[in-house]
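K.L.:
I need the structure of the sequence given here:
(one chain, ligands or ions: 3)
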Amino acid sequence: MINIAIPKGSLEEQTLLLFKQADLEIKKTSRDYNPKINDPRIEKIKILRPQEIPKYIEEGYFDLGISGRDWVVESSSDVVEVADMPYSKQGAGIVKIVIAVPQDSDIQSAKDIKPGSRVTTEYPNITKKFFDDLGIPVDLHFSYGATEAKVPDLMDVVVDLTETGSTLRKNGLKIVDVMLESSSKLIANKESWDDPVKRKEIEEIKTLLLAVIEARGKVLIDMNVPADKLDSVIEALPSLKRPTVSQLYNSDYYAVESVVNKNEVNILIPKLKDLGAEDILELDISKIVH
Ligand SMILES: Nc1ncnc2c1ncn2[C@@H]1O[C@H](COP(=O)(O)OP(=O)(O)OP(=O)(O)O)[C@@H](O)[C@H]1O
Ligand SMILES: O=P(O)(O)OC[C@H]1O[C@H](OP(=O)(O)OP(=O)(O)O)[C@H](O)[C@@H]1O
Ligand SMILES: [Mg+2]
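P.N.:
Ligands and ions are numbered 1, 2, ... in the order given. So this is what the prediction gives:
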């Protein structure tokens, strides 16, 4: 059985939702950092800050966990990246660690930043390396958060995470460079990964989690089509692979089934109807396992 570390903070809500949708429901009350889970593969779940999760996994306190790539790199943790998990706080996207300065600044890119500039960041290690590589000695200050608030009054430059860009915008800042792109990662301890029994458990949990992410934004379309309309209906279908077609009993109708993107359905369903499809059903999908 394996131990799993789950991130508190920005990723918490989406992570709990993902586990629930994967039928790995984590039962917790507010402020409970040792929640329960009823799964034969999982011994223990703990909720921790994502900054600390990669190191605890490297050191073997947990077999598996979720954290952002940013914290794996910042903490230079030696862990196995089992899977990219494309979800963030707000959406399905990649977040960026950017260099930002006041909107009215002359600085156009990081190389324009003057030596000795005061730089505030929650990511001191990657920021130091970035400016060292550029050959610009900067005055680095660790930030515990609200990092954007500090420029221009207390600091000259901010290195912080952005997803929607709203915090930068509201605080009068502009991006001049991207230091790192990050997304959520499923990460494992190296020894656990090399243990065949644990690896199987990890792989099974990965399959369930990725199946939920894969199914997001997709629906199943089901319809009956008369034989003479079949080719034109199938041609109009943006299928994941090939649509499933089966003949209806004692009839010249065919049942056609296909997975399509939810955001195409508003155009697709009327079109399928025009082309001769009947009894069209749209069904939610909870998981897709490839
Ligand atoms: N919109 C977002 N804002 C912040 N972090 C995000 C966002 N989307 C994804 N993340 C990821 O979530 C993790 C956040 O880690 P962090 O330690 O900064 O905690 P936090 O969730 O910001 O907590 P706090 O609210 O206490 O600052 C990072 O790995 C980051 O890449
Ligand atoms: O681009 P946006 O969608 O606006 O999101 C990015 C903001 O979210 C995070 O702050 P957080 O909520 O973690 O607060 P903190 O600065 O106190 O850590 C991050 O540090 C940015 O400030
Ligand atoms: Mg934060």
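
K.L.:
looking at the protein, which residue ends up farthest from its center?
P.N.:
Distance from the centre of the chain peaks at residue 250, with 47.5 Å (C-alpha atoms, centre = their mean).

K.L.:
show me what contacts that residue?
P.N.:
Applying C-beta atoms under 8 Å, 6 or more residues apart in numbering, we find residue 250 in contact with no residue. (Glycine included, C-beta is placed from N, CA and C.)

K.L.:
now swap in residue 245 and tell me
P.N.:
Residue 245 neighbours (C-beta under 8 Å, 6+ apart): 230, 234, 254-257.

K.L.:
by contact count, what packs against the longest helix that the chain contains?
P.N.:
Counting by DSSP state H, the longest helix found in the chain is helix 196-215. Applying 3 or more C-beta pairs under 8 Å, 6 or more residues apart in numbering; DSSP states H and E, we find helix 196-215 packed against strand 2-7, helix 12-21, strand 80-85, strand 184-188, helix 190-194.

K.L.:
Could you list the contact residues of the stretch 51-200 of the chain toward ligand 1?
P.N.:
Residues of the stretch 51-200 of the chain found near ligand 1 (C-beta under 6 Å from any ligand atom) are 51, 67-68, 70-71, 88-90, 95, 145, 161, 163, 182.

K.L.:
Dump the C-alpha coordinates for stretch 142-150 into CSV.
P.N.:
Extracted in CSV, the C-alpha atoms of stretch 142-150 (Å, rounded to 0.1, in the frame of the first residue of the first chain):
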residue,chain,number,x,y,z
PHE,A,142,12.5,36.2,-0.3
SER,A,143,8.8,36.9,-0.4
TYR,A,144,6.2,35.1,1.7
GLY,A,145,3.4,36.2,-0.7
ALA,A,146,1.5,39.2,-1.9
THR,A,147,4.6,39.6,-3.9
GLU,A,148,3.1,41.9,-6.5
ALA,A,149,2.3,44.5,-3.8
LYS,A,150,5.9,45.3,-3.2
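
K.L.:
Residue numbering should commence at 6 henceforth.
P.N.:
Let's use 6 as the start, then, which means that last one is stretch 147-155.

K.L.:
show me the contacts for the residue in the stretch 156-295 of the chain that ligand 1 sits nearest to.
P.N.:
Ligand 1 sits closest to residue 168 of the stretch 156-295 of the chain, with a gap of 3.5 Å, by C-beta to the nearest ligand atom. For residue 168, the contacting residues are 93-96, 98, 100-101, by C-beta under 8 Å, 6+ apart.
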